[in-house]
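Colleague: Take this sequence and fold it.
(one chain, ligands or ions: 1)
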Amino acid sequence: DGFLDVLKKIEDGQDLTHSDIVLLLKTDRKAEMEALFKAADEMRKKIIGDVVDIRGAIEFSNHCKKDCKYCGVRRNLEGLQRYRMTEDEIMEVVHSLHNIGIKTVILQSGEDAWWTRDRIAHLITRIKKETGMKITLSLGERPREEYEYFKKLGANNYLLKIETTNEEIFKFIHPDDDINHRKECSSWLKELGYLNGSGCIIGLPGQREEDIANDILYFKDMGINMIGIGPFIPAKGTPLENYPTGDVDMTLKAVAVTRLVCKRVFLPATTALASIDSDLQADALKAGANTIMLINTPAKYRYNYQIYSDKNMVDLKSAYDAVTGANREFPSYLKIDMEVYKDAGNTEK
Ligand code: 5AD
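Modeller: Numbers count the residues shown, from 1 in each chain. A predicted model of the protein is given here:
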């Protein structure tokens with residue numbers, strides 16, 4: 001099949017095969033890419049509506065026991081000042097997000113043993129009690145019992161990216177991890193009833209379009225609800241610091257195809273895209289994405305949470321701008337509606 005045949009399949013509501021997806025990802029013709037983005041934009045409109053979902057992320061600890069080769073807070077990164085926000089510091093940010101109408105807070109950290117089950121549990125309970133906000137956890141791999149306990153206390157969503165489904169690449173970039181265990185964690189989260197987040201990095205060493213197609217089909221088969229797709233960005237001081245930045249067009253194509261294949265999912269216009277160029281988040285929103293994650297880590301810590309170098313700082317001010325419409329980077333037809341994800345979002349159960 002050619003490109004137009006695949007577009008026709010999309011219009012007819014047929015499922016795309018692995019080779020259809022590869023074909024879409026491989027095009028570098030401008031007209032074809034635009035047709036792909038337009039198809040994804042229409043799918044977003046049909047399934048989600050003209051709404052951008054805003055969430056606030058707090059990166060509350062950069063301590064990490066793992067040594068992922070791409071990551072700027074990896075265990076062996078020398079010279080990085082490590083920090084851990086206190087519960088009160090975190091709550092202060094949580095309240096500021098709540099006060100401007102943000103409904104979901106994302107708690108993200110390295111894999112930090114200081115943040116035990118009970119400390120996380122205490123924080124979850126406090127957030128629920130004081131604000132009633134939805135909570136997305138992004139704490140890496142944990143025992144099933146902990147995921148279960150956090151869910152019982154009211155955590156709603158969990159982000160744990162597979163990063164790549166290519167086993168060799170996964171192993172190469174994750175010296176401490178096992179891909180099957182990562183997948184197992186994701187299936188636990190699903191069983192436990194979390195809205196389940198995954199995602200991948202585009203432009204990892206050795207990664208081909210075929211691999212990205214497998215990633216997208218994995219998200220579909222696993223019933224993943226939130227899919228963060230961002231370009232690889234070399235982080236200073238890591239083993240991958242001299243590798244090239246991931247391709248922006250490939251990232252946008254992957255976002256668009258993911259919308260077309262997975263349909264009813266949350267697709268963030270990732271911070272990694274914004275870090276390459278601030279206009280790229282808007283481009284992603286025009287190519288199927290529907291979510292923006294604001295970075296609300298206090299300024300004094302943020303600099304030390306550069307999982308990749310020159311990470312773009314999306315902050316509370318951008319939140320106000322986004323809400324009031326002052327942020328001209330947004331496509332004008334998209335409305336910010338922070339009420340939209342009242343009940344665990346607009347994703348199928
Ligand atoms: N480039 C791009 N994305 C990265 N992440 C971490 N390090 C990098 C990097 N160097 C992404 C991973 C992780 C998320 C928190 O940030 O996908 O899951």
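Colleague: Show me the strands in this protein, by range?
Modeller: Along the chain, the segments classed as strands by DSSP state E run 51-61, 104-109, 134-138, 157-159, 195-202, 226-231, 291-295, 335-336.
Colleague: Now for Glu168: which residues touch it?
Modeller: By Cβ atoms under 8 Å, 6 or more residues apart in numbering, Glu168 lies in contact with Gly206. In short, each C-beta sits where N, CA and C put it, glycine included.
Colleague: And it, how close does it get to Cys200?
Modeller: According to Cβ to Cβ, to the nearest Å, Glu168 and Cys200 sit 15 Å apart.
Colleague: quick revisit: next, format the strands of the chain as a markdown table and append distance to Gly2 and mean neighbour count.
Modeller: Formatted as a markdown table, those follow (distance: least, Cβ to Cβ, whole Å; neighbours: other Cβ atoms under 10 Å):
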| stretch | distance to Gly2 | mean neighbour count |
| --- | --- | --- |
| strand 51-61 | 33 | 24 |
| strand 104-109 | 41 | 22 |
| strand 134-138 | 40 | 22 |
| strand 157-159 | 37 | 25 |
| strand 195-202 | 24 | 26 |
| strand 226-231 | 25 | 26 |
| strand 291-295 | 32 | 23 |
| strand 335-336 | 36 | 16 |
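Colleague: can you tell me which of those the model trusts least?
Modeller: Here the strands of the chain differ in mean pLDDT, and the lowest is strand 335-336 at a mean of 61.
Colleague: The closest residue to Gly206 other than its chain neighbours: how many residues sit nearby?
Modeller: Nearest in space to Gly206, with sequence neighbours left out and distances taken as Cβ to Cβ, 6 or more residues apart in numbering, is Ile169 at 5.5 Å. Other residues near Ile169 come to 19 when the count uses other Cβ atoms under 10 Å.
Colleague: neighbours of the nearest residue to Thr245 once chain neighbours are set aside, just the number please.
Modeller: Computed as Cβ to Cβ, 6+ apart, the closest residue to Thr245 that is not its neighbour in sequence is Ile233, at 5.7 Å. Using other Cβ under 10 Å, Ile233 has 25 neighbouring residues.
Colleague: okay, and the helix or strand of this structure with the least pLDDT?
Modeller: helix 316-324 (a mean of 52; mean pLDDT, DSSP states H and E).
Colleague: which bits of this structure sit near the ligand?
Modeller: 70-71, 161, 163, 199, 201, 230, 232-233, 235, 272, 307-308 (Cβ under 6 Å from any ligand atom).
Colleague: give me that answer again for 8 Å
Modeller: 68, 70-72, 108, 138, 159-161, 163, 199-201, 228, 230-235, 238, 240, 246, 270, 272, 307-309 (Cβ under 8 Å from any ligand atom).
Colleague: give the contact list for Met43.
Modeller: 10, 259-260, 263, 288.
Colleague: where exactly do the helices run in the stretch 151-300 of the chain?
Modeller: Secondary structure of the stretch 151-300 of the chain (DSSP state H, counting those that start in this stretch): helices located at 167-173, 179-191, 209-221, 248-262, 271-276, 280-285, 299-302.
Colleague: Take these and write them to CSV, including mean pLDDT.
Modeller: What follows is these, written out as CSV (pLDDT from 0 to 100):
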stretch, mean pLDDT
helix 167-173, 98
helix 179-191, 98
helix 209-221, 98
helix 248-262, 98
helix 271-276, 89
helix 280-285, 89
helix 299-302, 89
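Colleague: Out of the ones you listed, the one nearest Arg84 is which?
Modeller: Across these, the minimum distance to Arg84, taken as Cβ to Cβ, is reached by helix 299-302, at 9.1 Å.
Colleague: Residues touching the closest one, excluding its own?
Modeller: Outside helix 299-302, the residues that touch it by Cβ under 8 Å, 6+ apart are 59, 62, 83, 85, 295, 313.
Colleague: Give me the distance between the nearest residue to the second one once chain neighbours are set aside and Tyr301.
Modeller: Counting by Cβ to Cβ, 6+ apart, Asn62 lies nearest to Val73, which is 4.4 Å off, once chain neighbours are set aside. Per Cβ to Cβ, Val73 is found 11 Å from Tyr301.
Colleague: and for the two, which residues touch both?
Modeller: Asn62.
Colleague: between these two, who's got more neighbours?
Modeller: Taking neighbours as other Cβ under 10 Å, Val73 and Tyr301 compare with Val73 leading, 24 against 18.
Colleague: check contacts around that one.
Modeller: Contacts for Val73 (Cβ under 8 Å, 6+ apart) come out as 62-64, 80, 110, 304-307.
Colleague: what's the closest of the residues you listed to Val6?
Modeller: For these, with Val6 as the reference and Cβ to Cβ as the criterion, the closest is Ile307, at 34.2 Å.
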